[in-house]
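In: Just the structure for this:
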Amino acid sequence: MTPPAPKPAASPAPDRATPGRPARWPDAGFWTLTGVVTAGYLVLLLCLLAADVAYLATGGQATANDAEAAATNPLAQALADPNIRYSIHLTLVSCTITAVLSVMVATPIGYLLARARFPGKALVDTLLDIPIVLPPLVIGLSLLILFQYLPRSIREAVVYQTPAVVLSQFVVASAFAIRAMRVAFDQIDPRLEQVARTLGASRLQALGWVVLPEAGPGLLTAGTLAWARSLGEFGPLLVFAGATRGKTEVLSTTVFLELSIGNLQGAVAVSLLMIFAAVSLLTLTRLLGGRRLSDHRPT
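Out: Residues are numbered from 1 along each chain as shown. Coordinates of the predicted model:
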C-alpha cells in the first residue's frame, strides 16, 4: 500500500500582503492612473488645436454681431497671398530635399553605430546628439560663423540664400534621422548578414540585399522625422538664412513675419497649414509603416 501523495502547499494570494512586503498595487489602479495621464495630455493637445480653429472660425475677436468679420476666411486669404504661396512651395521643396539628404547620411552612420566597435564610439555618439540638445539659435549662429572662414564666393552663394534654408534644416534633422536608423539596425538580427557573407556576399552587398530591405520601416521613420523636423525648424533659419519674403521665407518664418506685422489671423492660418501637413505625413507614415511591419512578420 503506497502512502498518499503530499498535498502541494497553497500559494499566497497575489494581492495579499506578506510579512515584510507591502501589498501590490491592484492593476486596475495602475491602468486608471496611466489612462488619466494620457487623456489629460491628449485633451491639452486637442484644446490647442481647437483654439486655433475657433479663432479662425470666429474671425479673431468677432462676436455674433460682426457678421462681416466672421464671414472672412483667414485661411483662404493666406493661400491667396503670393508670399505665403511661395513659402509653401519652398517649404515643400526644402523639407523633401532635407529628408532625402538626411536619410542618405543617417543610413551609413546608423549602421556604423549599430554594428561596429571602435575606440571613441561613445564620444562620436555624443557628438551626433549635439544638434538635438543645442538651442536652435546657437546652431544658426555657429553656421553663420563657420561660413565667415570660407571663401567669399561660397559665403555669398549660401548665406541668406535658398541653400542656407536646406543646410539649416539638414544640420538638425539629420540628427533625428541618425537616431531612427540606429534603432532600426539594432533591431535587425546580425546573423542575417553573417549568412549572406558566408554565401559569398560582401559587406556592401549584404547591406543592400539583406539589411536595407529589413530596415524599410526604419528608413520610412527616419525620412518622416527629418521631414517633420525640417517643417518646424525656425531658429537656424532666422539666423543663417534670414526671413526674406519671396527668397528664403518658409512656413515657420511666415508665422514670425505675420506676427511681426500684427496679422495674428494670418499667423494662425499658416500654423494650421503646418499642423495639417505634419499630421497628414505622420498618419500616412504610420499606415505604410504598419503594413510593411506586417509584411515582415513570419507567417
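In: if I look at residue 222, how far off is residue 137?
Out: 25 Å (CB to CB, to the nearest Å). C-beta here means a position set from N, CA and C on the backbone, and glycine is covered the same way.
In: Please apply the same query to residue 124.
Out: Residue 124 is 25 Å from residue 137, by CB to CB.
In: Low-confidence ranges, the stretch 51-200 of the chain, go.
Out: 59-72 (pLDDT under 70).
In: again, only this time at 50
Out: 62-67, 69-71 (pLDDT under 50).
In: Now do the strands in it.
Out: With DSSP state E, counting those that start in this stretch, there are no strands along the stretch 51-200 of the chain.
In: Just the residues contacting stretch 212-227, thanks.
Out: 95-96, 98-100, 102-103, 106-107, 110, 173-174, 176-178, 180-181, 183-185, 187-188, 192, 281-282, 285, 288-289, 292-293, 296 (CB atoms under 8 Å, 6 or more residues apart in numbering).
In: Quick check: buried residues in that stretch?
Out: Buried residues in stretch 212-227, counted by 16 or more other CB atoms under 10 Å: 212, 214-227.
In: now stretch 40-55
Out: So for stretch 40-55, counting by 16+ other CB under 10 Å, buried means 52, 55.
In: how far does that stretch sit from the chain's center?
Out: For stretch 40-55, the gap between its own C-alpha mean and the chain's C-alpha mean amounts to 20 Å (CA atoms, centre = their mean, to the nearest Å).
In: how long is stretch 189-209 end to end?
Out: 14 Å (CA to CA, to the nearest Å).
In: buried sites along it?
Out: Buried, per 16+ other CB under 10 Å, within stretch 189-209: 193, 196, 201, 206-207.
In: want to throw the residues you listed into TSV with distance to residue 57?
Out: TSV is the format used below for the buried residues of stretch 189-209 (distance: CB to CB, whole Å):
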residue	distance to residue 57
193	55
196	57
201	59
206	56
207	52
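In: So residue 247 sits against residue 163, correct?
Out: No: assessed by CB atoms under 8 Å, residue 247 is found out of contact with residue 163, at 11.7 Å.
In: Any figure for the gap between residue 36 and residue 49?
Out: 21 Å.
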